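Undergrad: Dropping a prediction and its sequence here:
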Amino acid sequence: MKVTIDGQSIEVEPGTTILQAARMIGGEVVPPAMCYYSKLKGSGGKCRCCLVEVAKGSEADPRPMPKLMASCVTGCMDGMEVNSKSSERVTEARKSVTEFLLINHPLDCPVCDQAGECDLQNLSFEHGKSESRFIEEKRTFEPENIGPNIQLHMNRCILCYRCVMVADQLTDDRVHGVMDRGDHSNISTCISKAIDNEFSGNMIDVCPVGALTDKTFRFKSRVWFSKPYNAHRDCPSCSGKTTVWMFGDEIQRVTGRKDEYHEVDEFICNGCRFDHKEIADWTIEGPRAFEKDSVINQNKYNRKLQKVEIATEDHILLGREEDRKKISMAEIPLTEEDIINQKSLGNNG
């Protein structure tokens, strides 16, 4: 099937969603997504960040869809034409969704461990406003301890359901979920039961904000101060392919390897994530590449740089040859007239 997004066409298989087709094209046509996760079945359709305008439904029925559609759950049709970033209507909708997500979100960025790799920061940077119209008191929750490895900050949660899905689909003993209804909805273990299954740490990787963070990395450093390296080890529980974040010779944290859409390539076990923080435990493959505009790339150059050469005259810093001769006593000796003038000046003094 042929689909056109912002004037760029691509052939896709039946069953492909608009968001998946946009990611195949790449670049600025890709809508933002806070709840969709390609590795998790049933994800998407909750945050409404990926809204797009369907200007043409298909070749068979070319009528446009009257409402903006969530691209992560809307399937492509042959001949469909979609407007993403090129539509003012879509841009205004994304600004409104961003404002809505930030209504109850605290300004924790200066102290949040997710700062620098936060999808909500990126969304706010592109579609957010510098002021807030919200004058009511923000929704808050009491702190809850959900285990020794994961820190829950419910005040930062946007209820994307990713952590619930990853526990449902990776483990057999999920003990947490979304409790209550409406603006009282929250992630909890219901009876304060600790989350301790072998793959629970993946909740940290899939969380798009700072609601779930690594307790072993808590307040240790900012992500842009550490250097990420691809590494692997022989692990009986998972693939063992990870990204280790190093500060000097110290491994400060271990995460799954993420793609350009911040989705992990392979989920890793808690043993790799929390228990192996020594360099001897890992085989370091090399520096991890990140998108060009990421703050993590600050002062880190992983690609070969070309030598800069500036075409100038020889000895340009020493001055031109003719100028050096004019001021050089050896090159241009004094004439007899110059000597007489110098003596007369000395006598007059």
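TA: Structure's in. What do you need?

Undergrad: Can you list the low-confidence ranges for the chain?
TA: Along the chain, the model assigns pLDDT under 70 to residues 190-192, 291-306, 308, 310-334, 342, 345-349.

Undergrad: 80 instead, please
TA: Applying pLDDT under 80 to the chain flags residues 172-173, 175, 177, 180, 183, 189-194, 196, 289-335, 338-339, 341-349.

Undergrad: Find the residue at the geometric middle of it.
TA: E117 (4.4 Å; C-alpha atoms, centre = their mean).

Undergrad: where does the residue nearest to that residue when sequence neighbours are not counted sit relative to T255, distance-wise?
TA: Among residues not flanking E117 along the chain, V223 sits closest, at 5.5 Å (C-beta to C-beta, 6 or more residues apart in numbering). For glycine as for every other residue, the C-beta is placed from the backbone atoms N, C-alpha and C. Look at V223 and T255: by C-beta to C-beta, to the nearest Å, they are 10 Å apart.

Undergrad: repeat for G75
TA: 32 Å.

Undergrad: If you count surrounding residues, which of V223 and T255 has more?
TA: T255 (23 against 20; other C-beta atoms under 10 Å).

Undergrad: Quick one: name whatever helix or strand follows the helix or strand containing Q151.
TA: If you go by DSSP states H and E, Q151 is part of strand 150-152. The element immediately downstream of strand 150-152 (helix or strand, assigned by DSSP H and E) is helix 162-170.

Undergrad: Counting by contacts, list what that following helix packs against.
TA: helix 202-206 (3 or more C-beta pairs under 8 Å, 6 or more residues apart in numbering; DSSP states H and E).

Undergrad: what residues are up against the residue lying closest to A33 once chain neighbours are set aside?
TA: Spatial nearest neighbour of A33, excluding adjacent residues (C-beta to C-beta, 6+ apart): C50 at 4.9 Å. Counting by C-beta atoms under 8 Å, 6 or more residues apart in numbering, C50 touches L19, P31, P32, A33, Y36, G44, A70, S71, C72.

Undergrad: quick check, nearest of the residues you listed to I339?
TA: P32 (82.7 Å; C-beta to C-beta).
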